[in-house]
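K.L.:
just the structure for this:
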Amino acid sequence: MVHAGLAYLATADATAMGADTLARGLHLLEQATSIATAARTSILAAFTAGQGYCADADYSPRAWLINKTRVSKGAAVGYTAWVRRAAEHPEVFAALAAGQMSESYARMICLWTGKLAQECRAMADEILLGAALGGADLRDLAGLAAEILARSQPADPDGKDEVFQDGTVRLETTFDGAGILTGDLSPECTAVVQSVLDSLSAPAGAEDTRSYAQRYHDALHEAMRWLGFCIMMDSSTTHGLTGRKPSSGPVCPRPGETDDAAEPVPTKLERGAAHAAARLAGRCHLHG
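P.N.:
Model prediction:
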């Protein structure tokens with residue numbers, strides 16, 4: 001029946017439906033996604049506990065998912081991560097299974113409260129769940145989670161802030177050299193990355209039809225290109241191959257120009273990219 005219902009919706013003429021019907025359909029599909037995530041998690045947890053993957057000569061449930069259900073590595077990681085979350089955050093998982101919360105909201109709550117000591121997680125989950133079900137948006141929940149995390153930290157006798165230990169970044173290469181970038185950034189790293197991307201992602205004019213996400217992608221590409229140049233210039237300076245000081249920033253001669261020629265006038269994008277890359281390089285202590 002589930003397949004039949006989804007197949008009907010997939011082939012139905014959505015343009016013939018009214019706005020109210022479409023809105024209700026989207027709400028119901030989001031609920032179905034939450035419930036389906038919970039159902040998959042429960043089945044996968046039992047499959048993992050019984051080592052069902054061994055029957056197909058796979059060494060882990062993640063490998064079995066990749067080989068037998070033909071999902072990407074990133075998808076398999078996401079599925080198995082929910083098995084762990086369900087065990088560590090039962091109240092959040094129950095709300096997900098009931099269709100009371102979207103998968104993305106539930107995942108973020110688990111991510112935030114997962115940074116707490118085990119004895120504090122249940123209460124934090126309860127607080128954030130109550131706020132989410134009461135209508136709080138993700139920004140409100142993030143602020144509340146930050147306050148909970150700050151209050152749960154033990155006092156530091158030396159007066160120093162605890163160092164963020166859970167920062168992770170994963171880059172998965174997919175088809176034809178493309179990739180999927182995911183991560184869990186510290187507040188300091190988030191601030192730096194956001195500052196760089198914001199400074200480089202402004203629309204290039206009325207003719208710029210790129211979406212916000214596409215402009216962020218292009219900004220990341222530009223920032224990394226300039227940062228790579230900074231690293232190269234720093235390496236050359238360190239080995240005495242150029243006369244520039246590391247602090248002088250990137251200089252990109254135009255084709256055919258030499259170091260003795262007049263410096264080219266950088267474009268606005270180049271100036272912004274160079275400034276962002278220099279700031280990022282400084283934060284990463286590339287020059288010292």
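K.L.:
from here on, contacts and neighbour counts on C-alpha atoms
P.N.:
Will do.
K.L.:
for the stretch 101-250 of the chain, which segments count as strands?
P.N.:
Taking DSSP state E, counting those that start in this stretch, the strands of the stretch 101-250 of the chain run over residues 168-173, 179-184.
K.L.:
tell me which helix or strand in the protein has the weakest average pLDDT.
P.N.:
Lowest mean confidence among the helices and strands of the chain (mean pLDDT, DSSP states H and E): helix 268-283, at a mean of 47.
K.L.:
burial count for Q118?
P.N.:
10 (other Cα atoms under 10 Å).
K.L.:
got the contact list for it?
P.N.:
Not one residue lies near Q118 by Cα atoms under 8 Å, 6 or more residues apart in numbering.
K.L.:
state the pLDDT value of it.
P.N.:
At Q118, the model reports a pLDDT of 84.
K.L.:
cool, A95 as well?
P.N.:
We have a pLDDT of 95 for A95.
K.L.:
didn't it look like it was pressed against M101?
P.N.:
Yes: A95 is in contact with M101 according to Cα atoms under 8 Å; the separation is 6.1 Å.
K.L.:
who has more neighbours, those two?
P.N.:
More neighbours surround M101 than the other of A95 and M101, with 23 against 19 (other Cα under 10 Å).
K.L.:
so where do the helices sit in the stretch 101-250 of the chain?
P.N.:
Remark: helices assigned in the stretch 101-250 of the chain by DSSP state H, counting those that start in this stretch are 103-113, 118-133, 138-152, 187-200, 212-238.
K.L.:
quick one: low-confidence residue ranges for the stretch 151-288 of the chain.
P.N.:
Residues of the stretch 151-288 of the chain meeting the criterion pLDDT under 70: 154-166, 175, 233-288.
K.L.:
could you redo the last one with a cut-off of 50?
P.N.:
161-164, 241-270, 272-274, 276-277, 279-288 (pLDDT under 50).
K.L.:
for S211, give me phi and psi.
P.N.:
Per-residue torsions, S211: phi -70, psi 170 (degrees, to the nearest 10).
K.L.:
next one: S60
P.N.:
In terms of degrees, to the nearest 10, the main-chain angles of S60 are phi -160, psi 160.
K.L.:
count of residues packed around the residue nearest to it when sequence neighbours are not counted?
P.N.:
In this structure, S60 finds its nearest non-sequential neighbour in Y53, 6.4 Å apart by Cα to Cα, 6 or more residues apart in numbering. Close neighbours of Y53, defined as other Cα under 10 Å, add up to 19.
K.L.:
wasn't Y53 part of a strand?
P.N.:
No: per DSSP: H, G, I helix; E, B strand; the rest coil, Y53 lies outside any strand segment and is helix.
K.L.:
centre of the chain to stretch 70-90, how far?
P.N.:
Distance of stretch 70-90 from the chain centroid (Cα atoms, centre = their mean, to the nearest Å) equals 15 Å.
K.L.:
who's in contact with the residue nearest to S60?
P.N.:
47, 59-61, 64.
K.L.:
what about it, distance to N67?
P.N.:
10 Å (Cα to Cα, to the nearest Å).
K.L.:
returning to what we had before: make TSV from the helices of the stretch 101-250 of the chain and add distance to I43 to it.
P.N.:
Shown next, in TSV, are the helices of the stretch 101-250 of the chain (distance: least, Cα to Cα, whole Å):
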stretch	distance to I43
helix 103-113	17
helix 118-133	23
helix 138-152	29
helix 187-200	35
helix 212-238	34
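K.L.:
give me the buried stretch members for the helix or strand in which T21 is found, please.
P.N.:
Assigning secondary structure by DSSP states H and E places T21 in helix 19-49. Neighbour counts over helix 19-49 (16 or more other Cα atoms under 10 Å) mark 30-38, 41-42, 44-45, 48 as buried.
K.L.:
G205 and D137: what is the separation?
P.N.:
Relative to D137, G205 is positioned 32 Å away (Cα to Cα).
K.L.:
the two: which is more packed in?
P.N.:
Between G205 and D137, counting by other Cα under 10 Å, D137 is the more crowded of the two (12 against 7).
K.L.:
where does the more buried one fall, phi/psi-wise?
P.N.:
Main-chain torsions, D137, degrees, to the nearest 10: phi -90, psi -180.
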